[in-house]
Each structure stands twice: as C-alpha cells, then as structure tokens.
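Chemist: sequence-free structure coming up:
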C-alpha cells in the first residue's frame, strides 16, 4: 500500500483533548478502511500566515500512514465535512521520515532560548572586548 502524510489545522478554540479526540477519529477511519497509522504528531497551537474563518491560530496535527486510496477518499471526505478542521493537506510519500518531524526538531532547538537562534548557544552573550588604547599610543 502507498505511504501518505496528512497535516490538518484545527480551530484555535478547541481544547487539546478535543484535538486529540479528532486525531483518534481520523485514525479510526484509516484503520476501518484497511490502513495502518505509523506516526501521529501534535505540533500544538501555532500562528497562521493569514486568517482562516476568523481564526488567527490553529492546532496542527501530522499523520503518517499506510493506506489504500479508498481510505484517503473517506478521510478527506470526513475532514471536508468536519467544521473543526480548517485546512488539510495529504501527500504521497516514497518513505516515512525517521524520528521527529522538522517542526518538532525546530521547536526542541528553540527551547534553548534566543542564544541558539543567533549563534550564542550555551556560551551566552559575548560582549565585544574593550579596545585598549595603550598599544597605539592614543588616549
């Protein structure tokens, strides 16, 4: 069976438990249609690039699964009907990505603070050394 990856964006006013329940419903659809879910990642509440149905944020969820084409049709039909799903995207893959997705890896890297993002890392802030004018004879 072909490998697929689906990312959904759910409404911002849903609780995390409701988003998890939505994910379980979608996993059940895949399972009922003869597919297998390989990985589910919740990326949390993230800002949208533009408003979608008056929502500035959305809960992102990633699914990796192995399923026949009929499962994809049923999954997308269900997501179109569901009012909690703002957007979804399903793509066909050659192979699943091992480990965490790039989004979660970036989120884990950013937990270190701004130092990691701007080259500081664990070294902290490095001030430029003071210039000593005694070497040049200037005062």
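Modeler: The structure has been received and is ready for your questions. Fair warning: this is a prediction, and the values are worked out from it, not measured in the lab.
Chemist: Against residue 84, how distant is the residue sitting nearest the centre point of the chain?
Modeler: By Cα atoms, centre = their mean, the chain has its centre lying nearest to residue 43, at 4.0 Å. Applying Cβ to Cβ, to the nearest Å, the value for residue 43 to residue 84 is 16 Å. From N, CA and C alone the C-beta is placed, and that goes for glycine too.
Chemist: next one: residue 51
Modeler: For residue 51, the distance to residue 84 - Cβ to Cβ - is 17 Å.
Chemist: what about residue 71, how many neighbours?
Modeler: A total of 21 residues lie near residue 71 under the criterion other Cβ atoms under 10 Å.
Chemist: Contacts for the helix or strand containing it next, please.
Modeler: Element membership of residue 71 [criterion: DSSP states H and E] is helix 69-81. With contact meaning Cβ atoms under 8 Å, 6 or more residues apart in numbering, helix 69-81 is reached by 2, 4, 6, 8, 25-26, 29-30, 33-35, 65, 67, 85, 88, 90.
Chemist: Tell me which helix or strand comes right after it.
Modeler: Downstream of helix 69-81, the first helix or strand assigned by DSSP H and E is strand 85-93.
Chemist: tell me which residues in that next one are buried?
Modeler: 85-86, 88 (16 or more other Cβ atoms under 10 Å).
Chemist: May I have the strands that pair with the longest strand anywhere in the chain, each with its orientation?
Modeler: In the chain, with assignment by DSSP state E, the single longest strand is strand 36-52. Sheet pairing of strand 36-52 (DSSP bridges) gives strand 55-66 (antiparallel).
Chemist: starting at the chain centroid, how far to the strand it pairs with?
Modeler: Relative to the centre of its chain, strand 55-66 is centred 7 Å away, using Cα atoms, centre = their mean, to the nearest Å.
Chemist: between that strand and helix 69-81, how many degrees?
Modeler: Strand 55-66 and helix 69-81 are oriented at 170 degrees to each other (axes from the mean of the first three to the mean of the last three Cα atoms, to 10 degrees).
Chemist: quick revisit: mind checking which of the contacts of helix 69-81 are buried?
Modeler: 4, 6, 8, 26, 29-30, 33, 35, 65, 67, 85, 88.
Chemist: Sweet, I'm off.
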